[in-house]
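1. sequence and predicted structure below; questions after.
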Amino acid sequence: MAQLNFTQPPFDVLTPAERQSIKKHTQVRYLEKDENLNQNDKNYFFVVVKGNITHTNNSDGEAKFVGDFQAVDGHNDWFHPIANHNYTASIQTLLFQIDGEVIEKIAAQNRLIRPLLNGEVADKIKALKQRHIKKSQPTATNDDIEQQQLMLQPITNINLIPAHFVEETDSMTTAAKTMTNAKLKHVLVRRQIFNENHPTKSNYHNVGILTDTDICRAVSEQIDLANTPCGKYARFKLKTLEHHQDISEGLLTMLRYRIHRLPVIDDEGEIIGVLGQSDLLAYLGHHSHLITVQIEQATDLNSLNDAVEMIGQYIRGQQQNGVKIGIISRMVRALNVQVFTKLWRLIVPEAVFQNTCVIVMGSEGRGEQIMRTDQDNALIIRNGFSHPDLADFAEQFNQGLAQMGYPLCDGNIMMTNPMWRQPLNKFEKQISTWFSLKDPNYGVWVSAVLDSHFVCGDESLLDSLRKHIKIAHANADPMMIRQFARVALQFGDVGQWWQRFTPFKNKNSTADDIDLKKAGIFPLVHGIRTMAMEHDILHVTSTKARLKALARAGVITQERAETLTETLNFFIDQRLAVALSTEDKLARRVDPTTLTALERDLLKECLSVVKSFKAQLTSHYQLDYA
């Protein structure tokens with residue numbers, strides 16, 4: 001007789017006492033082909049041992065297929081019947097029937113099983129990630145599991161360096177003595193406040209930092225330390241962290257801006273301490289810093305490639321440790337930006353570096369890239385600047401990235417293409433043309449510039465381009481936003497793959513594979529991009545940030561934003577899992593037979609979220625009309 005498998009979800013998180021209770025209230029149920037469960041069965045919880053249950057909904061008078069429940073390769077689907085829905089055995093089927101009251105009682109007290117049985121999609125995805133963290137290393141100790149969660153802890157969990165201040169009019173000697181007495185390598189510098197905003201929240205920060213490096217520079221310049229105000233050498237406009245932000249944000253900021261100290265501010269905007277890079281790294285025991293050092297020390301393409309290979313190892317380690325996909329992708333973008341910057345530095349003279357701006361676009365620009373897939377980059381050139389070798393530099397850059405495993409873009413959205421290597425004024429003119437619907441490829445190109453992210457050079461060039469995008473959007477053809485939204489529907493809904501998904505499926509067949517990008521990622525990303533553009537949310541590029549901004553603007557609810565974020569993360573997470581477990585580096589397709597019952601259930605629900613989101617776009621932008 002078959003036994004209930006307590007090693008499979010959702011029962012693998014039950015305590016021994018809870019498992020015993022389940023056993024006492026479980027019986028076997030057999031259904032002939034075409035036999036239905038009845039309305040009284042809604043009081044039970046079912047696990048499919050063998051066979052197939054077809055689920056349909058006829059609440060509106062016409063039966064509609066919803067999905068199948070079955071057992072595949074030892075992974076058993078489970079379900080709790082919904083009133084007025086039909087559950088029919090499409091073949092001879094064997095079920096475990098468990099008392100629903102027992103399940104409800106256990107779910108009420110077991111925090112790990114509760115969201116799997118009763119939660120919304122976002123709750124279920126979070127629960128799945130928690131399980132992966134606990135199960136990624138079967139022999140992991142409690143300390144190991146705790147270490148994996150450190151990235152999500154508040155920044156204040158790390159001992160901050162006390163804030164020591166001097167005035168900008170104080171001498172360099174006074175600053176040096178303050179640093180010596182405090183046994184620090186830096187001191188914060190106050191200057192006169194010229195506006196009502198708090199210095200750390202203003203564009204004109206009135207708190208700066210002076211480090212031992214600055215003092216060494218002053219000494220090398222042979223200045224009179226006793227009579228030179230430290231404000232002359234201090235650096236203002238500091239990057240800061242808010243005390244409630246998590247540790248991953250601190251690490252990302254340090255990596256992105258290549259800084260070693262971050263003032264931390266409280267709710268009133270007051271500096272409560274300084275986060276030091278050495279303290280952060282000591283707390284994490286993290287090796288991303290080693291990658292950063294390798295990148296900085298690279299002297300040629302070969303040594304830079306070694307650092308890129310380390311990024312791949314880092315991704316695998318983070319995924320196995322159960323770190324959230326959003327944190328991994330943003331960290332990878334920060335590391336990739338350092339790689340791209342170093343490569344550009346190795347290629348171009350300083351004059352070119354200072355008068356150009358390298359940007360990345362697409363998933364790399366949104367911070368949602370994991371694998372080394374197609375390049376999407378461009379070069380903005382300062383108006384009036386020219387160099388005879390710019391085309392050659394662009395060729396070296398794109399080919400260098402290709403040699404390190406970042407494939408050339410099939411759509412030729414790269415700086416080797418003259419269209420993506422232009423002076424700022426020509427870029428602006430080109431963007432205005434795209435918004436006027438005068439080019440059939442406007443949708444692809446507008447999407448690219450909306451997702452643009454600064455890499456290196458003069459960031460003000462990208463800032464100017466973004467300002468022009470806002471102007472071009474305001475003056476756009478009235479039909480532009482509607483036509484732009486229609487692109488999100490270009491790929492049809494996934495067929496009812498689970499209807500054909502049986503235990504007897506040929507394992508070599510790929511007919512039922514799901515294209516994660518077409519079925520899930522692209523409709524969400526582009527639809528949310530469209531909504532953000534409609535509401536002039538052009539200052540952020542990531543899908544998560546766009547959803548947060550849409551929720552703050554009241555366009556969607558906070559709950560809807562969270563569901564769409566977690567759904568997108570689920571698809572990206574599955575794509576990463578495919579890339580790490582197969583030779584498919586594009587990692588677009590997943591075979592449902594390789595998923596656990598829980599992952600299959602979540603895939604069904606996430607595809608349903610995408611379907612409802614596309615319906616929302618269709619209704620809002622009236623896309624069902626020609």
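-> Cool, the structure landed. Here the structure is a predicted model, which is why all the values come from computation and not from measurement.
2. who's the closest spatial neighbour of residue 227, skipping the chain neighbours?
-> Spatial nearest neighbour of residue 227, excluding adjacent residues (C-beta to C-beta, 6 or more residues apart in numbering): residue 171 at 6.4 Å. Placement of C-beta: from N, CA and C, glycine included.
3. can you get me a residue count around the one you found?
-> 16 (other C-beta atoms under 10 Å).
4. then the one 4 residues further on?
-> Under the neighbour criterion other C-beta under 10 Å, residue 175 is assigned a count of 30.
5. mind listing what it touches?
-> Neighbour list for residue 175: 166, 187, 189, 210, 215, 230 [criterion: C-beta atoms under 8 Å, 6 or more residues apart in numbering].
6. per-domain residue ranges of the protein.
-> Domains of the chain are assigned by automatic domain parsing as 11-118, 158-284, 288-477, 488-620.
7. and those domains as TSV, adding distance to residue 5?
-> TSV is the format used below for those (distance: least, C-beta to C-beta, whole Å):
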stretch	distance to residue 5
domain 11-118	6
domain 158-284	36
domain 288-477	23
domain 488-620	10
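8. and residue 410, helix, strand or coil?
-> Counting by DSSP: H, G, I helix; E, B strand; the rest coil, the backbone at residue 410 sits in coil.
9. I figured the residue nearest to residue 227 was touching residue 231, is that so?
-> No: Residue 171 is not in contact with residue 231 according to C-beta atoms under 8 Å; the separation is 10.3 Å.
10. checking residue 463 next. Helix, strand or coil?
-> helix.
11. out of the domains of the chain, flag the one nearest residue 4.
-> Nearest to residue 4, of all the domains of the chain, is domain 11-118, at 5.5 Å by C-beta to C-beta.
12. distance from the closest one to the middle of the chain?
-> What separates the centre of domain 11-118 from the centre of its chain is 34 Å, taken as C-alpha atoms, centre = their mean, to the nearest Å.
13. next, count neighbours for residue 362.
-> 22.
14. number of nearby residues for residue 12?
-> 17.
15. typo on my end, residue 608
-> Neighbour tally, residue 608, other C-beta under 10 Å: 15.
16. again, but for residue 623
-> That count, for residue 623 with other C-beta under 10 Å as the rule, works out to 17.
17. what's the first-to-last distance across stretch 432-447?
-> This stretch, stretch 432-447, spans 14 Å end to end (C-alpha to C-alpha, to the nearest Å).
18. coming back round to it: and the residue nearest to residue 227, how far from residue 226?
-> 5 Å (C-beta to C-beta, to the nearest Å).
19. for the stretch 51-200 of the chain, which segments count as strands?
-> Taking DSSP state E, counting those that start in this stretch as the test, the strands found in the stretch 51-200 of the chain are 52-57, 64-72, 75-76, 78-79, 85-89, 93-99, 165-167, 186-190.
20. reformat those as JSON lines; add mean pLDDT and distance to residue 336.
-> As requested, the strands of the stretch 51-200 of the chain are exported to JSON lines (pLDDT from 0 to 100; distance: least, C-beta to C-beta, whole Å):
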{"stretch": "strand 52-57", "mean pLDDT": "87", "distance to residue 336": "43"}
{"stretch": "strand 64-72", "mean pLDDT": "71", "distance to residue 336": "37"}
{"stretch": "strand 75-76", "mean pLDDT": "72", "distance to residue 336": "35"}
{"stretch": "strand 78-79", "mean pLDDT": "82", "distance to residue 336": "41"}
{"stretch": "strand 85-89", "mean pLDDT": "89", "distance to residue 336": "47"}
{"stretch": "strand 93-99", "mean pLDDT": "88", "distance to residue 336": "48"}
{"stretch": "strand 165-167", "mean pLDDT": "94", "distance to residue 336": "37"}
{"stretch": "strand 186-190", "mean pLDDT": "94", "distance to residue 336": "29"}
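21. need those in TSV (columns: distance to residue 247 and mean neighbour count).
-> As requested, the strands of the stretch 51-200 of the chain are exported to TSV (distance: least, C-beta to C-beta, whole Å; neighbours: other C-beta atoms under 10 Å):
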stretch	distance to residue 247	mean neighbour count
strand 52-57	43	19
strand 64-72	39	19
strand 75-76	35	22
strand 78-79	37	20
strand 85-89	45	19
strand 93-99	41	21
strand 165-167	26	16
strand 186-190	21	23
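22. kindly format the C-alpha coordinates of stretch 30-50 as PDB.
-> Backbone C-alpha positions of stretch 30-50 (Å, rounded to 0.1, in the frame of the first residue of the first chain) are rendered in PDB as follows:
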ATOM      1  CA  TYR A  30     -10.300   5.500  -5.400                       C
ATOM      2  CA  LEU A  31     -12.000   7.100  -8.400                       C
ATOM      3  CA  GLU A  32     -13.000   5.400 -11.700                       C
ATOM      4  CA  LYS A  33     -12.400   7.200 -14.900                       C
ATOM      5  CA  ASP A  34     -14.800  10.200 -15.300                       C
ATOM      6  CA  GLU A  35     -15.900   9.900 -11.700                       C
ATOM      7  CA  ASN A  36     -16.400  13.200  -9.800                       C
ATOM      8  CA  LEU A  37     -15.700  14.300  -6.300                       C
ATOM      9  CA  ASN A  38     -18.900  15.500  -4.700                       C
ATOM     10  CA  GLN A  39     -19.700  18.700  -2.800                       C
ATOM     11  CA  ASN A  40     -19.100  17.000   0.600                       C
ATOM     12  CA  ASP A  41     -15.500  16.400  -0.400                       C
ATOM     13  CA  LYS A  42     -14.700  20.100   0.000                       C
ATOM     14  CA  ASN A  43     -14.200  19.200   3.700                       C
ATOM     15  CA  TYR A  44     -11.100  17.100   2.800                       C
ATOM     16  CA  PHE A  45      -7.600  17.800   1.600                       C
ATOM     17  CA  PHE A  46      -6.400  15.500  -1.300                       C
ATOM     18  CA  VAL A  47      -3.000  14.200  -2.400                       C
ATOM     19  CA  VAL A  48      -2.800  12.500  -5.800                       C
ATOM     20  CA  VAL A  49      -1.000   9.100  -5.500                       C
ATOM     21  CA  LYS A  50      -1.600   7.900  -9.000                       C
END
